[in-house]
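> Show me the folded form of this:
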Amino acid sequence: LGSGRVDPNGDPNVDPKAADPVRSAVAEAAALGLSALESAGCHDLDGMLRGLSRLLARHELELSRLVLQFHRADGWRRLGYASEAQYARERLGLSRSSLMARRALALRLEKLPRVAEALGAGQIGVEAAVQVVRVAVPSTQAAWVERARQRTIKHLREEVAAALVAVRLSGQADCPPPVD
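Below is the predicted model of the structure:
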C-alpha cells in the first residue's frame, strides 16, 4: 500500500503482500475505505470474509499459546501487576475469563496437535476448536476435526454435548463423533 515494507512480525525488509496475500487484500480494502467494499460483489466479500476468518483463527491460536506461556512464566506478577485480572484488563483489554478461556484452549491443544493444526490452518474456527477440545482425545481428534469442518457450530455444540453425556454414562474415556 506504499506505507513502507513491514512484515506482520515487524521485519522491515519483508513486503507484507508477499508475506500474506489475505492480509494485504484486507489492508488494501481498508485503505480504499467503505466505498470499495460497497461496490464489491458477494463472491468477493465472501472471499475476504473467509480469508479474514482464517487469519483470525491463526491469530487466536497464537494468542492462546502466548497467554499460556505468559501464565507459566508468571508474567503478570513479574511485570508488577497485582493480579492476572488486572494485567488482562489493563494491558490486553480482555476480561480475566477471556484470558482464562484462551489459556484453557492452548493447554488442551498441547495434547491435541491435529486440532491445533486445523485451527492454525483456518480449517476450523475458534468456536469449533473450543467445542472439539471438550470431547476429543488423541485417538479421536482427527475424526472430531473432520466433523467440525462439516457441521455448523450449533450442531457441533449439540453433538459434543451428547458425546460428553455418552462418555459419562458409558464410563469410557473417549467418544468418537456421530456418523451420519
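> mind showing which ranges of this protein have poor pLDDT?
1-23, 25-26, 28-30, 32-36 (pLDDT under 70).
> What segments of it are helices?
16-19, 21-32, 34-38, 42-72, 75-78, 84-87, 96-110, 113-120, 126-135, 141-150, 153-170 (DSSP state H).
> closest to Asp180 out of the ones you listed?
For the helices of the chain, the distance to Asp180 is smallest for helix 141-150, at 8.5 Å, taking CB to CB. Yep, even glycine has a C-beta here, placed from its N, CA and C like the rest.
> Show me which positions of that closest one end up buried.
Gln141, Ala143, Trp144, Val145, Arg147, Ala148 (16 or more other CB atoms under 10 Å).
> ok, now stretch 42-59?
Met48, Gly51, Leu52, Arg54, Leu55, Ala57.
> Please export the C-alpha coordinates of that stretch as CSV.
Output in CSV follows, covering the C-alpha atoms of stretch 42-59 (Å, rounded to 0.1, in the frame of the first residue of the first chain):
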residue,chain,number,x,y,z
CYS,A,42,-20.9,-11.1,-2.9
HIS,A,43,-18.3,-13.5,-4.0
ASP,A,44,-15.5,-11.0,-3.4
LEU,A,45,-16.9,-10.1,0.0
ASP,A,46,-17.3,-13.8,0.8
GLY,A,47,-13.6,-14.4,-0.1
MET,A,48,-12.5,-11.5,2.0
LEU,A,49,-14.6,-12.7,5.0
ARG,A,50,-13.4,-16.3,4.8
GLY,A,51,-9.8,-15.1,4.4
LEU,A,52,-10.1,-12.8,7.4
SER,A,53,-11.7,-15.6,9.4
ARG,A,54,-8.8,-17.9,8.6
LEU,A,55,-6.4,-15.2,9.7
LEU,A,56,-8.4,-14.6,12.9
ALA,A,57,-8.2,-18.3,13.7
ARG,A,58,-4.4,-18.3,13.3
HIS,A,59,-4.1,-15.2,15.5
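> chain center to that stretch: distance?
Distance of stretch 42-59 from its chain centroid, counting by CA atoms, centre = their mean, to the nearest Å, is 13 Å.
> can you start the count at 38 instead of 1 from here on
Yes, from this point I'll number from 38; that puts the last item at stretch 79-96.
> rewinding a little: and the helices of the chain as a markdown table, adding distance to Val216?
Shown next, in a markdown table, are the helices of the chain (distance: least, CB to CB, whole Å):
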| stretch | distance to Val216 |
| --- | --- |
| helix 53-56 | 41 |
| helix 58-69 | 34 |
| helix 71-75 | 41 |
| helix 79-109 | 26 |
| helix 112-115 | 44 |
| helix 121-124 | 42 |
| helix 133-147 | 24 |
| helix 150-157 | 19 |
| helix 163-172 | 15 |
| helix 178-187 | 9 |
| helix 190-207 | 11 |
